[in-house]
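Enquirer: no letters, just coordinates:
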């Protein structure tokens, strides 16, 4: 008898099998960072650290859901936060990003199998580089937004020329990687609208399915 729970179990098994096959055939795997490789949303953590968390969290939700352009949401949130270089450095020191359970093992397995691993994030490079170092990912495999500061350390904006600063940017990075390295299949793993925008050129894999791969 096909019950609802049976159907759900079969669906989960199919997803797991498909995910494993995608990984086996991938030349490269690109991970989103916030709420994927790490547990938190970096910009929300920065806002909370700077005392403006409530004002920024709702805007983050809208940006992830795709109800406003990513660049607009990023600009407006940073105008509220206006973090200094000192605040960013202190956040990383006092509250380092928390890796999602199993992600270190997944990255290590992919690298052992010869799969190139990249981090492509709409977050901030200063934070993402710290995550990459924890995972053994080369810093030249990191694509993220760059904060700008005046000589005295005060906030001066962000580098709007980075592809990750706008909607569709992750897809542009993946297209560049395919051209640069000759990758045939690139997998994009993430949880938000900007990750779905990267497919195509990438193949999309839900992050929940990747957790199953790690545990199996």
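Expert: It's in. Only a predicted model underlies this, so the values are computations on that prediction, with no experimental measurement involved.
Enquirer: the top strand by length along the chain - what's its average pLDDT?
Expert: Criterion DSSP state E: the longest strand present in the chain is strand 116-124. Strand 116-124 comes out with an average pLDDT of 93.
Enquirer: quick check: can you name the pairing partners of that strand and their directions?
Expert: strand 28-31 (parallel), strand 142-145 (parallel) (DSSP bridges).
Enquirer: any idea how far residue 74 is from residue 56?
Expert: Plainly put, residue 56 is 11 Å away from residue 74 if you go by Cβ to Cβ, to the nearest Å. All C-beta atoms are positioned from the backbone trio N, CA, C, and that covers glycine.
Enquirer: comparing the strands paired with strand 116-124 by mean pLDDT, which bottoms out?
Expert: Among these, strand 28-31 scores lowest, at a mean of 91.
Enquirer: let me see the confidence value for the residue most central in space within the chain.
Expert: The geometric centre of the chain, computed from its C-alpha atoms, lies nearest to residue 32 (Cα atoms, centre = their mean), at 1.8 Å. Model confidence at residue 32, expressed as pLDDT, equals 89.
Enquirer: look up phi and psi at it.
Expert: phi -70, psi 160 (degrees, to the nearest 10).
Enquirer: burial count for the residue nearest to it when sequence neighbours are not counted?
Expert: Closest residue in space to residue 32, ignoring its immediate chain neighbours: residue 190 at 3.1 Å, by Cβ to Cβ, 6 or more residues apart in numbering. Number of residues near residue 190 (other Cβ atoms under 10 Å) recorded here: 30.
Enquirer: in the chain, which spans are helices?
Expert: Assigned by DSSP state H, the helices in the chain fall at 4-25, 42-49, 53-65, 70-81, 85-94, 103-112, 125-135, 169-181, 193-196, 207-215.
Enquirer: just name the most buried of the ones you listed.
Expert: For the helices of the chain, the largest average neighbour count (mean count of other Cβ atoms under 10 Å) is found in helix 42-49, namely a mean of 22.
Enquirer: what packs against that one?
Expert: Judged by 3 or more Cβ pairs under 8 Å, 6 or more residues apart in numbering; DSSP states H and E, helix 42-49 is in contact with helix 53-65, helix 70-81, helix 85-94, strand 116-124.
Enquirer: make CSV from those and add distance to residue 46 to it.
Expert: Formatted as CSV, these follow (distance: least, Cβ to Cβ, whole Å):
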stretch, distance to residue 46
helix 53-65, 8
helix 70-81, 6
helix 85-94, 6
strand 116-124, 8
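Enquirer: by mean pLDDT, show me the worst of the ones you listed.
Expert: Across the helices and strands packed on helix 42-49, helix 53-65 has the smallest mean pLDDT, namely a mean of 73.
Enquirer: picking that back up, quick one: closest of the strands paired with strand 116-124 to residue 160.
Expert: Nearest to residue 160 among the strands paired with strand 116-124 is strand 142-145; the distance by Cβ to Cβ comes to 9.0 Å.
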